[in-house]
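Colleague: Dropping a prediction and its sequence here:
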Amino acid sequence: MQEKKNAHDHNVPSLNWQRDGCFGCGPANPNGLQLKFALGLDGQSYVCEFQLGSSFVGPPGHAHGGIIATILDEAMGKANKLMNKVALTRRMEVEYFRPVPLDVPLVAEGRVERIEGRSLHNSGEIRDAHGVILARSRGTFVAIDADKMFARELERERNQAR
């Protein structure tokens, strides 16, 4: 199989796996976060610079905890690209250190900590512009064959596109 190079898909070895409508990173999802991750300077992580607007409010002036968890899940999920894997979240844990403010520059970063068979053990962080860690996550992801697992849905998408 060839690796897809679309900047908005998951860039993994799959002929059919493309997620432009993903809630976390899909540019075609007008209701999503539309996060744009890039390979970190060290080549060992994926990084995203972003801001959250008022539609993601939880406590006054700050992001909802579920949105923070979603961003951390997305960062850790992007890290799977470092191993050229499609992997789904099996479990994740989030530590909230400080409220995440709205309308300010933020950074999310995800990396693979270790691999055990099909399991990837990843970590993620959200930091403010000064590098202060606002939230941290750890997660376990399971590598899958996306074309096989989602064959029915992929076929439905192909039929709808015709």
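Modeller: Ah, there it is.

Colleague: now the helix or strand of the chain with the lowest mean pLDDT, how far from the chain's geometric center?
Modeller: Of all helical and strand segments in the chain, the minimum by mean pLDDT, DSSP states H and E falls on helix 151-161, at a mean of 82. Here helix 151-161 is found 23 Å from its chain centre; the criterion is C-alpha atoms, centre = their mean, to the nearest Å.

Colleague: Give me the buried positions along that helix.
Modeller: Of all the residues in helix 151-161, those buried under the rule 16 or more other C-beta atoms under 10 Å are residue 154. All C-beta atoms are positioned from the backbone trio N, CA, C, and that covers glycine.

Colleague: just checking, residue 26 is part of a strand?
Modeller: No: assigned with DSSP: H, G, I helix; E, B strand; the rest coil, residue 26 falls outside any strand and is coil.

Colleague: Can you give me the distance of it to residue 102?
Modeller: As judged by C-beta to C-beta, to the nearest Å, residue 26 and residue 102 stand 22 Å apart.

Colleague: what's next to stretch 121-139, contact-wise?
Modeller: With C-beta atoms under 8 Å, 6 or more residues apart in numbering as the test, stretch 121-139 has contacts from 68-69, 71-73, 75-77, 79-80, 89-101, 104-115, 140-141.
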